[in-house]
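A.B. asks: okay, predicted coordinates and the sequence, questions at the end:
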Amino acid sequence: MRRAQIDPGLAVRVISSRALRYDRPAEATDDRPDHVRAASGLAMHNGRLVVIQDDASFFAVVASDGVSAIKLPRGLDGRRRFEVGIGNKLDKLDLESCVAIDDELWAFGSGSLPIRDKICRVQHGVPRVLDAAPFYGRLREALGSGINLEGIARLRDQLWLFHRGNTGSTDLGPAILKVSLDAMRSWLDGRAALPSVEGIEGYDLGAIEGERLGFTDAVADEDRIFYLATAEASANAVDDGRVLGSQLGVITPEGVRAAPLVGVDGRPVKAEGLALDPVHFGYGWVALDPDDPAVPASLLEIELLGPW
């Protein structure tokens, strides 16, 4: 069990906040709203910042001058929007994590329900949704509990999969599962057997007001892993709850250190996506999920202060 410590020498400065609205108005024929909803993961892919959403089957591509949409295949009943008001919230893919793998983009469902055992693979600009139930079954077997996959990072020749640790009473807490990148790619290509879990590390990320922090995203920078963690008052991985706060942390061989992360107004936020600037170290972006389908997700531009 690795334990995170708040490091008073570290801080996260919010430079700006941006509501994510598409350049084009809502399109009923595509079942697309006019804004990005429930931003749940970020990745730098081919020089562009891509946002995934857990309750809308679109990727958002964010540029300095606008936000465009990439349509994913339709879900049940032909829908691309999933919410309580429509009555189809439990039908969503619940894409919660994404990672750039060379020229491809891989987005993973949370696995919190069987319909969410999916991987969306973007090759040559074309997204395909793949049934990954055997892979998620292997993750559950390795954990000995349910899975709620919220982050993924490429570290050298491995994929690190970040389990939030909030699936119920049998869940031992946040954990990282490690698989071979080549084995995962070969399995997705249909050229090899299911990849094995090469290692598991359990984490104690701390708590806020008695609610345990759990992983919500991660990204690698050379041999370090930067992660987001959020404390949410929810009894399971399906229902939303009151957000107590978020942290941004770093995992190194020497230890696990973290700093509080708040919004521009100083209030607690539900931080769900993290990406680093590939050119300017110490700068990056954090996606915030408002937990309200009528409210646009926000993108924070951040600066890391201190000896990260």
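C.D. replies: Cool, got the structure. Numbers count the residues shown, from 1 in each chain.

A.B. asks: all helices in the protein, in order from the N-terminus.
C.D. replies: 133-143, 181-188 (DSSP state H).

A.B. asks: select, out of these, the one closest to residue 210.
C.D. replies: Of all the helices of the chain, helix 133-143 sits nearest to residue 210, with 23.8 Å by Cβ to Cβ. Yep, even glycine has a C-beta here, placed from its N, CA and C like the rest.

A.B. asks: now stretch 138-150: mean pLDDT?
C.D. replies: For stretch 138-150, the mean per-residue pLDDT is 97.

A.B. asks: got the contact list for it?
C.D. replies: For stretch 138-150, the external contacting residues (Cβ atoms under 8 Å, 6 or more residues apart in numbering) are 40, 96-97, 108-112, 136, 161-168, 170-172, 175, 177, 194-197, 200, 214-217, 237, 272.

A.B. asks: only the buried subset of those, as a ChimeraX command please.
C.D. replies: To isolate the buried members of the contacts of stretch 138-150 in ChimeraX, using 16 or more other Cβ atoms under 10 Å:
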select :40,96,97,108,109,110,111,112,136,161,162,163,164,165,166,167,171,175,177,195,197,200,214,215,216,217,237,272
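
A.B. asks: quick one: closest of the helices of the chain to residue 225.
C.D. replies: helix 181-188 (14.8 Å).

A.B. asks: quick one: contacts for residue 98?
C.D. replies: Counted by Cβ under 8 Å, 6+ apart, residue 98 has contacts 41-43, 50, 52, 105-108, 152.

A.B. asks: closest to residue 183 among those residues?
C.D. replies: So of those, ranked by how close each gets to residue 183 (Cβ to Cβ), first place is residue 106, at 13.9 Å.

A.B. asks: next one: the closest one from residue 52, what distance?
C.D. replies: 10 Å (Cβ to Cβ, to the nearest Å).

A.B. asks: these two: who's more crowded?
C.D. replies: residue 52 (30 against 23; other Cβ atoms under 10 Å).

A.B. asks: show the pLDDT at the more buried one.
C.D. replies: pLDDT, read off for residue 52, is 98.

A.B. asks: please name the bridge partners of it.
C.D. replies: residue 41 (DSSP bridges).

A.B. asks: show me the contacts for it.
C.D. replies: 39-43, 59-60, 95-98, 107, 273.

A.B. asks: so can I have TSV of those showing distance to residue 70?
C.D. replies: Listed next are the contacts of residue 52 as TSV, based on distance: Cβ to Cβ, whole Å:
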residue	distance to residue 70
39	14
40	15
41	14
42	14
43	13
59	4
60	8
95	12
96	17
97	17
98	12
107	11
273	16
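
A.B. asks: below-threshold pLDDT in the stretch 201-308 of the chain: ranges please.
C.D. replies: 237 (pLDDT under 70).

A.B. asks: that one: strands as residue ranges?
C.D. replies: 207-208, 211-221, 224-233, 242-252, 255-261, 271-276, 283-288, 298-305 (DSSP state E, counting those that start in this stretch).

A.B. asks: quick one: contacts of the fourth one?
C.D. replies: Think strand 242-252. 2, 4, 6, 10, 12, 205-206, 208-209, 211, 213, 216, 223-233, 256-262, 268-271, 274, 286, 291, 302, 304, 308.

A.B. asks: buried ones among these?
C.D. replies: 4, 10, 12, 205-206, 208, 211, 213, 216, 225-232, 256-259, 261-262, 268-271, 274, 286, 291, 302, 304, 308.

A.B. asks: for the stretch 1-150 of the chain, which residues score under the pLDDT cut-off?
C.D. replies: Scanning the stretch 1-150 of the chain residue by residue, none of them satisfies pLDDT under 70.

A.B. asks: now the strands of the stretch 201-308 of the chain as JSON lines including distance to residue 189?
C.D. replies: Shown next, in JSON lines, are these (distance: least, Cβ to Cβ, whole Å):
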{"stretch": "strand 207-208", "distance to residue 189": "41"}
{"stretch": "strand 211-221", "distance to residue 189": "23"}
{"stretch": "strand 224-233", "distance to residue 189": "26"}
{"stretch": "strand 242-252", "distance to residue 189": "30"}
{"stretch": "strand 255-261", "distance to residue 189": "34"}
{"stretch": "strand 271-276", "distance to residue 189": "26"}
{"stretch": "strand 283-288", "distance to residue 189": "30"}
{"stretch": "strand 298-305", "distance to residue 189": "33"}
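
A.B. asks: right, and these - which one's nearest residue 66?
C.D. replies: strand 298-305 (12.6 Å).

A.B. asks: I appreciate the help and will end here.
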